[in-house]
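> Sequence and predicted structure, then a few things I'm wondering about:
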Amino acid sequence: MILPELSWQFLYSRLAWAVVLAALVVSVWPPAWRLPRRALAAIVAGSCVLMALPGSASGAWHLALAFQYPSGLLLGLCAAALLRRWRGAGAGAGALLPVSAAAVLAVLGTVLYLDAFGLLSRGWYYAGFGPNGAPLVSLLLGGACAWSFVQGRRREQAAALLGAVALFSLARLPSGNLWDAVLDPLLWGWALVTLVVALVRRVVRRRAPLAPVVAPEPALQPAGAESYSPIKESS
Amino acid sequence: MEQPLPPPAASRRTVFACAAIVLALVAAEGARWSRAARAAAAPSSVEAIVPGAVTLTELSRTMVPMPKNVPSAHASALAALPGDRMVAFWWAGSRESGPDVKVYAARWTDGKWGEAWEVASRESLGKALGFGVRRIGNPVAWTGRDGRIHLFVVATGLGGWAASRVVHMVSSDEAARPPTGRRALKAPAGEGIDFTVRRVLPASPLFNTSTLVRTSAVGLTDGGWWLPLYFELGIKYPMLMSFDADGDPTWAGRIGARTTTLQPAIVPVSSTDIRAWMRDASDERRVQHARSRDGGASWEDLPALALHNESTSVAAMRLANGDFLMLHNDAVEGGSSRSTLRLSISQDGGTWRPIADVASGSAGDEFSYPTMQMVGSELHVTYTFQRRAIAHHRFHIAIGKGI
């Protein structure tokens, strides 16, 4: 059980909440409206300044009071969201939290939080401090993410998760527990919302009346345009 | 038919960057793993059993000096200091959960209490942590082998006691020269003991909330200690966090599977046999009991004791003759849940008999949240007196004579 220094947590708190808050502000910006890079930079800078203010003037003072620290994965996904907007990637880029990943996070979070509430009594959260298992899982996750990134598969998500396990393995941020590096109640909520939205869309799609099948117009064969084959037909 | 485009090939620089990151992670974890301690320390129990019955003689009773103009006090904790001295911690303010509630301390030296001084407030903790603290709650203290006092204080986030976190503070030399990034909580010149905030203990994945401390820590053979914790968010269950001699947490675990027990009073019988008695928040209204046979790694819930408990805190310890001593509130005709504070004794931890009432009153009186500490051959008891002050009783313990 190796825990991070308070001074590192202090820095992490300010930086991470600045990125999360900026991503939240940017996310409510209508996708159809163009967000100039200058405006995006101003939002990020404003968020950083807000978090860097001293004492109770800092946004991080109040956010950490309520939510402590965001997970490394939430931080990574929010950074990816900001990067998308910076590059001007549209809706075609796909969901930042795909349904499959959301399902995994939702299941993991449900099990973890039921355990933390004392309803399962397995002590899974404490396993995240383990001297062998947690570092090994972190390394395996890191290796898989690096491989996925090199292969060009789900690069944004792979980079976000790689960043989270790197923060954990190098500095044990945010709390010294691997669970807190890859999951927090806010990310779990995002995963649940993603699943609910995907479910609603599927139901709506199924209930929508099918479009009438339109028979293709008979196409006229242009004269003298018969297909030609050099193969001689056998007689 | 149009074929999907293959994913873009990674540049050589990307491959090298990814490989470098993975290698750095492997190196960091490998270095940490090679330095890690392998063996878990066992709890230190009463080593040599002295046969004979126990004689308890009350030497004095007094009140711990309160800070001026502070009408409410609760939840005391004691820590032994070298030279038969000790220090008491408690929280006090205008009312429970009030914004002016602070942790105070007073030293017991040469048979008398010194002036109370302020150790921590929500302002000083917030400044040291870098985020807000809404309420201050129970303190628990432990003196390490190096003489440093480790103070654990409940500090809540946004919400009531369910939003509690536990702040770890360390005394003396770290406060004199605080490590980079740590802020010293200075005591008034010449009076108190300085502290620095080390961290908030990570104990829950739910925004690290709903974890509290109340009962005394237990020493380990390697100089570390166990800190009893408990989770409280509707459901309640007891926990344990182990610390090494430097005061860094080494592991954490849950005590038993009940969801209505809290504030475990932990007593080691041997390096493997550990007992825990707990406050009961169920309709059973009995002191709850759990036992570990593997040095605290796993726990089984035992049947509740016959001792009455209406959600009140208990304190327990083992005497030199092997008997267990417990301070608890008991139900008395004409009294209320906390109006009688009773001392009971047991040979097996299951069957208890009362030996003295430390404090008793009528319905509505409160003598609660007891703490016991052996200092030399004297047993010191502190408890909340009518929510207005902290009472202190001193007993002499002798083994070999009948009670």
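Good, I have the coordinates. Residues are numbered from 1 along each chain as shown, chains lettered A, B, ... in the order given.

> List the buried residues in stretch B:65-73.
Of the residues in stretch B:65-73, those scored as buried under the neighbour-count criterion (16 or more other Cβ atoms under 10 Å in any protein chain shown) are B:65-66, B:70, B:72-73. The C-beta positions use only the backbone N, C-alpha and C, and glycine is treated the same way.

> What's the end-to-end length of that stretch?
In stretch B:65-73, first residue to last residue: 11 Å (Cα to Cα, to the nearest Å).

> thinking again about what came up before, among the buried residues of stretch B:65-73, list the two that are farthest apart in space.
Every pair in the buried residues of stretch B:65-73 was compared (Cβ to Cβ); the two farthest apart turn out to be B:Pro65 and B:Ser72, at 15.2 Å.

> what's the closest of the buried residues of stretch B:65-73 to A:Leu3?
B:Ala73 (32.0 Å).

> What pLDDT does the model give the closest one?
The pLDDT attached to B:Ala73 in the predicted structure is 96.

> quick check, it in a helix?
No: secondary structure assignment (DSSP: H, G, I helix; E, B strand; the rest coil) places B:Ala73 in strand, not in a helix.

> ok, it - contacts?
Neighbour list for B:Ala73: B:66, B:90-92, B:384-385, B:387-390 [criterion: Cβ atoms under 8 Å, 6 or more residues apart in numbering or on different chains].

> Which of those residues has the largest number of neighbours?
Counting by other Cβ atoms under 10 Å in any protein chain shown, B:Ile390 has the largest number of neighbours within those, with 29 neighbours.

> Please report the distance of that one from chain A.
B:Ile390 sits at a distance of 29 Å from chain A (criterion: Cβ to the nearest Cβ, to the nearest Å).

> surely that residue meets B:Trp90?
Yes: in this structure, B:Ile390 is within contact of B:Trp90 by Cβ atoms under 8 Å, at 5.0 Å.

> Spit out the residues that contact the two alike.
With Cβ under 8 Å, 6+ apart applied, the overlap between the contact sets of B:Ile390 and B:Trp90 consists of B:64, B:73, B:76, B:382, B:384.

> Give me the distance between the last one and chain A.
Counting by Cβ to the nearest Cβ, the separation of B:Thr384 from chain A is 27 Å.

> tell me the pLDDT at that residue?
97.

> Just checking the helix or strand where A:Leu82 lies against chain B, any contact.
When elements are defined using DSSP states H and E, A:Leu82 is found to belong to helix A:72-87. No: remark: helix A:72-87 sits outside contact range of chain B, by Cβ under 8 Å from any Cβ of the partner chain, the gap being at least 12.5 Å.

> check which helix or strand covers the closest residue to A:Leu120 other than its chain neighbours.
Nearest residue to A:Leu120 in three dimensions, chain neighbours excluded: A:Leu114, at 4.9 Å (Cβ to Cβ, 6 or more residues apart in numbering or on different chains). Here A:Leu114 is covered by helix A:99-116, with elements defined by DSSP H and E.

> Helix or strand next in line after that helix, which one?
Trace forward from helix A:99-116 with DSSP H and E and the next one is helix A:124-127.

> Counting neighbours, which bits of that next one end up buried?
For helix A:124-127, using 16+ other Cβ under 10 Å, the buried residues are A:124-126.

> so which of those residues also contact chain B?
If you filter these for contact with chain B, counting by Cβ under 8 Å from any Cβ, you are left with A:125-126.

> With pLDDT as extra columns, can I get the buried residues of helix A:124-127 in a markdown table?
Supplementary listing: the buried residues of helix A:124-127 in a markdown table, determined by pLDDT from 0 to 100:
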| residue | pLDDT |
| --- | --- |
| A:Trp124 | 92 |
| A:Tyr125 | 94 |
| A:Tyr126 | 93 |
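
> what's the distance between B:Pro268 and chain A?
To chain A, B:Pro268 is 21 Å away according to Cβ to the nearest Cβ.

> brain fart, B:Pro65
From B:Pro65 across to chain A, the span is 32 Å (Cβ to the nearest Cβ).

> surely that residue meets B:Arg107?
No: with the criterion set as Cβ under 8 Å, B:Pro65 and B:Arg107 do not qualify as a contacting pair; they are 10.4 Å apart.

> so what sits against both of the two?
Taking Cβ under 8 Å, 6+ apart as the contact criterion, the common neighbours of B:Pro65 and B:Arg107 are B:113-114.
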